[in-house]
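In: Below are the sequence and a predicted model for it; my questions follow.
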Amino acid sequence: MSKQKINTKTIDYKSIKPILDRSKKLVYIETYGCQMNVNDSELVLAILQDNGYFFTKDINEADLILINTCSIRENAEQRVWGRLNVFRIAKTKKTSLKVGVIGCMAERLKEQLLEREKIVDMVVGPDAYRSLPDLLRNVEAGQKDVNVLLSREETYADITPVRMDENGVSAFVSIMRGCNNVCSYCVVPYTRGAERSRSPKTILNEIQILVDNGYKEVTLLGQNVDSYFWKDEKNPEKDVNFAQLLEMVALVNPLMRVRFATSHPKDISNGVLYTMAMYENICNCVHLPVQSGSTRILELMNRKYTREHYLERIAKIRKIIPDCAITTDVIAGFCTETDYDHAQTLSLMTEADYDFAYMFKYSERPNTKAARQLKDDVPEDLKTKRLSEIIELQNRLSLESNKRDIGKIFNVLADGFSKRSDEYLSGRTSQNKTVVFPKKNYAAGDFVNAEIISCTSATLIGEIVENEQHETIHELKNILGETIHIFEEKTEKARNKIKQNINKTTKKWKQ
Ligand code: SAH
Ligand code: SF4
Ligand code: F3S
C-alpha cells in the first residue's frame, strides 16, 4: 500500500469520498445497537465505496437506504419497524429507492423480514457484507435478495473501515466477532454466530493507520474481549491472548489512548489488569457487566460466575489499578427474580460502587435458552419498579463518584463542542467520564489538563489548568516559526546575492 503524504494524511486511509459524479448511486446508512454495529456500518461503507456507491447524510437524496439493526431487546426491534414505516413513505415518493435491512435483526428474522415488510429489497446478516455488491446488482435488476449465512472465519480483517465519525479523534477497531457464551437471555450468539479472533497483524496495521491520520483514541471491540485468542498454527510461542494484544496495541504509539469493551467477569484475567496498570495510555476504565447480584439468578442466566467471584474481581481491579472506573450492565426482572434477588442486585451495586451503568428491563427474546426453558414471570409493573430503583441508586452512586473528583486534575481528550455551547469543549478522562470546560484556544483532538470544579451525576465541569507542556509546545512552535522565517529571508537574500554574482561573472566572461 502506498503511503504518499497528502496534507499530513496518508492515502491508504479510507475516508468518505466526496460526491464527484452525480450520476453515481448514493447510499444512506442508519445504525442501531452496539458499538460493534457502528463499526460494521463503517465496514459496509468501505465495501460499497469500492463498488461505486457514494455516502450521503441526506436521506432524501439516497438511492439506497441501509438500516443496520439490533435485536437485543424487543424495543430495539420496534424502533426499526417504525423506521421502515417512514422509509415506506419515502419509497412512494421515489419508486427507484431501494431499502436494505442489515445486522442482527436481518440475521434473526431472515426471509420473514421480506414477507412482513414489503418495502424491504434486501436482507443481509453480519457475516455476509462481502456479498453486498452482488446482492445489490440483483436488487438493482428488480429482484429481492437475502444472504444471512454465518461464518466461522469471517473477521473482515483486510477491510479498512471508512470512518463516519465527524471529529477524527476516536475510532472503534473490532478485534473479534461472534460470541461463544450462551447467556440464557441473549440473542447475540444467534445473530452473530460463533466467536472468532482477528489476526493481531491486521489489528495493529489498522491502528497504525489511525495514528498516522491523527486519531488519538481507539476502542478495541468484542462481545467478550477477554477470550480473544489468536492461534499461530506454525509457532505456538507466537499465540496471542488479550493481555498480550493489549500490550501490543499500547506500544503502537504512547500518545494513542486505548480502551476496550466488553470484559466478562468469568474471564477477565489479572494479566489484563497488570497490563492496564503498566501502560499509561491504556485507559483506567473497565466495563464489567454484572447483570444481577444474585447467584441464583446468575446461574439461571448461565453467566458462569457467582456474586462472590464477581466481587473478588472488583476488589482485584481496585487493588491493581486504584483509580480505575468500573461500569456495568444490569438487567431488572429476569425470570423468577424475587424481591430478595433484586435486593441482592442493589446491595452488589452499592458494594461495587459503580461509576456508571446501563440498566435494562428483561426482554424475552424468541428462541433463546430463557425463552425456551424459563417463564418470563415478573409482571411488567414490577420490572418497571425494580428498574427505577436500580436507576435511582446508580444516579446516586454516579453523583457521589463525580463529587469525589472535585478538586482533582484530569488529563482530558477533547472530542468536540459541548452540547450546550460552542464556547465549551467536551472531552473524556481516562476513566471515561465526560468533562465540559471553557474552550480557550483548544480544539477537538487536544489533550488538556482540567481541574474539576463542579459536577452533576452525568458530567464533570472543569477549568483548564494551563498545561505547561502545551505552553512550551506553543512557545517552541513560535520560535521555530520565527527561525524558519529568518532562515527563509536570509536564504532569499543569499540566493539573490548568488544570482547577482553569477550574472556579473557571465557578463565578464561575455566581454
Ligand atoms: N457482550 C456483552 C454485551 C452484550 S449486549 C456482555 O456480555 O456483557 C449488552 C447488554 O444488553 C447486556 O450486557 C445485557 O445487560 C443487556 N441485554 C442482553 N440481552 C437482554 C435481554 N434479553 N433483555 C434485557 N437486556 C438484555
Ligand atoms: Fe450475550 Fe452473554 Fe455473549 Fe454478552 S457474553 S454477547 S451477554 S451471550
Ligand atoms: Fe444489538 Fe447485535 Fe449489538 S443484537 S447489541 S447490534 S450485537
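Out: Arrived safely, thanks for sending. Ligands and ions are numbered 1, 2, ... in the order given.

In: low pLDDT regions in the stretch 1-150 of the chain?
Out: For the stretch 1-150 of the chain, applying pLDDT under 70 flags the ranges 1-13, 22.

In: what residues does it put near ligand 3?
Out: Neighbours of ligand 3 within the stretch 1-150 of the chain, by CB under 6 Å from any ligand atom: Gly33, Cys34, Met36, Asn37, Cys70, Ser71, Ile72, Gly103, Cys104. (Glycine included, C-beta is placed from N, CA and C.)

In: And the strands in the stretch 101-250 of the chain?
Out: With DSSP state E, counting those that start in this stretch, the ranges of strands along the stretch 101-250 of the chain come out as 122-124, 145-147, 170-174, 176-177, 196-197, 217-221, 229-230, 240-241.

In: The residue nearest to Arg73 when sequence neighbours are not counted sits in which helix or strand?
Out: Once flanking residues are discounted, Arg73 sits nearest to Ser363: 3.9 Å by CB to CB, 6 or more residues apart in numbering. Using DSSP states H and E, Ser363 sits within no helix or strand.

In: Run a quick neighbour tally on the closest residue to Leu97 other than its chain neighbours.
Out: The shortest distance from Leu97 to any non-neighbouring residue, by CB to CB, 6+ apart, is to Lys91 (5.0 Å). By other CB atoms under 10 Å, 18 other residues sit near Lys91.

In: again, but for the one 5 residues further on
Out: Counted by other CB under 10 Å, the residues lying close to Ser96 total 9.

In: thinking again about what came up before, from Val120, how far out is the residue nearest to Leu97?
Out: Distance, Lys91 to Val120, by CB to CB, to the nearest Å: 10 Å.

In: So for those two, which residues contact both of them?
Out: Common contacts of Lys91 and Val120 (CB atoms under 8 Å, 6 or more residues apart in numbering): Val99.

In: got the contact list for Leu399?
Out: Neighbours of Leu399 in contact, by CB under 8 Å, 6+ apart: Cys455, Thr456, Ser457.

In: now do Ala76
Out: For Ala76, the contact set (CB under 8 Å, 6+ apart) comprises Tyr32, Gly33, Thr69, Cys70.

In: picking that back up, OK, contacts around the residue nearest to Leu97?
Out: Lys91 neighbours (CB under 8 Å, 6+ apart): Leu97, Val99, Ile119.

In: what phi and what psi does the backbone show at Ile282?
Out: phi -90, psi 120 (degrees, to the nearest 10).

In: What is the burial count for it?
Out: Using other CB under 10 Å, Ile282 has 21 other residues around it.

In: Make sure it is actually in contact with Leu251.
Out: No - in this structure, Ile282 is not within contact of Leu251 by CB atoms under 8 Å, at 10.5 Å.

In: Neighbours of Leu255, how many?
Out: The burial count assigned to Leu255 is 10, neighbours taken as other CB under 10 Å.

In: What residues does it make contact with?
Out: Leu255 sits next to Lys216, Asn281 when contact means CB under 8 Å, 6+ apart.

In: This structure against ligand 1: which residues are in contact?
Out: So the chain meets ligand 1 at 72-73, 185-186, 188, 223-224, 262, 264, 289, 291, 329, 331, 360, 362-363, 365 (CB under 6 Å from any ligand atom).

In: What parts of the stretch 51-200 of the chain come near ligand 2?
Out: Cys179, Asn181, Cys183, Cys186, Val188, Pro189.

In: go on, the chain?
Out: Counting by CB under 6 Å from any ligand atom, the residues of the chain close to ligand 2 are Cys179, Asn181, Cys183, Cys186, Val188, Pro189, Gln223, Asn224, His264.

In: Try it again at 5 Å.
Out: With CB under 5 Å from any ligand atom as the criterion, the chain meets ligand 2 at residues Cys179, Asn181, Cys183, Cys186, Val188, Gln223, Asn224.

In: Select only the buried ones of these in ChimeraX?
Out: A single ChimeraX command selects the buried members of the residues of the chain next to ligand 2 (16 or more other CB atoms under 10 Å):
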select :179,181,183,186,188,223,224
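
In: which stretches of the stretch 401-511 of the chain have low pLDDT?
Out: Where the stretch 401-511 of the chain drops to pLDDT under 70, the residues are 467-489, 492, 505-511.

In: For it, which segments are assigned as helices?
Out: In the stretch 401-511 of the chain, the helices defined using DSSP state H, counting those that start in this stretch lie at 468-510.

In: Just the closest residue of it to ligand 1, please.
Out: Per CB to the nearest ligand atom, the residue of the stretch 401-511 of the chain with the smallest distance to ligand 1 is Asn432, at 16.2 Å.

In: That residue against Arg259, yeah?
Out: Yes - the criterion here is CB under 8 Å, and Asn432 meets it with Arg259 at 7.1 Å.

In: anything in contact with each of those two?
Out: The contact lists of Asn432 and Arg259 share Cys283, Cys285, where a contact means CB under 8 Å, 6+ apart.

In: Which part of the stretch 201-350 of the chain gets nearest to ligand 3, residue-wise?
Out: Gln223 (6.9 Å).

In: how far away is the residue lying closest to that residue once chain neighbours are set aside from Phe260?
Out: Nearest residue to Gln223, sequence neighbours excluded (CB to CB, 6+ apart): Cys179, at 4.0 Å. Here Cys179 is placed at a distance of 15 Å from Phe260 (CB to CB).

In: burial measure for Asn411, as a count.
Out: By the criterion of other CB under 10 Å, Asn411 has 15 neighbours.

In: hang on, it packs against Val435?
Out: No - using CB under 8 Å, Asn411 makes no contact with Val435, being 10.1 Å away.

In: Common neighbours of these two, please.
Out: Joint contacts of Asn411 and Val435 (CB under 8 Å, 6+ apart) are Thr429.

In: So what touches stretch 105-116?
Out: Stretch 105-116 is contacted by residues 69-71, 77, 80, 101, 120, 123-126, 144, 146, 148, 150, 187, 190-192, 366 when judged by CB under 8 Å, 6+ apart.

In: now with 10 Å?
Out: Identification of contacts with stretch 105-116 by CB atoms under 10 Å, 6 or more residues apart in numbering yields 32-33, 67-72, 76-77, 80-81, 84, 100-101, 117, 120-128, 144-150, 187, 190-193, 365-367.

In: ok, now which ones touch the closest residue to Pro254 other than its chain neighbours?
Out: Spatial nearest neighbour of Pro254, excluding adjacent residues (CB to CB, 6+ apart): Asn281 at 5.5 Å. Counting by CB under 10 Å, 6+ apart, Asn281 makes contact with 216-218, 249-258, 430.

In: List only buried entries from these.
Out: Neighbour counting over the contacts of Asn281 (16+ other CB under 10 Å) leaves Lys216, Glu217, Val218, Val249, Ala250, Val252, Asn253, Met256, Arg257, Val258, Ser430 as the buried ones.

In: restrict the residues you listed to contacts with ligand 3.
Out: With CB under 5 Å from any ligand atom as the criterion, no member of the buried ones among the contacts of Asn281 is in contact with ligand 3.

In: Narrow the contacts of Leu399 to those in strands?
Out: Among these, the members falling in strands (DSSP state E) are Cys455.

In: so which of the contacts of Leu399 is the most crowded?
Out: Highest neighbour count within these, by other CB under 10 Å: Cys455, with 21 neighbours.

In: list the contacts for it?
Out: Neighbouring residues of Cys455 by CB under 10 Å, 6+ apart: 398-399, 401-406, 433, 435-436, 461-462.
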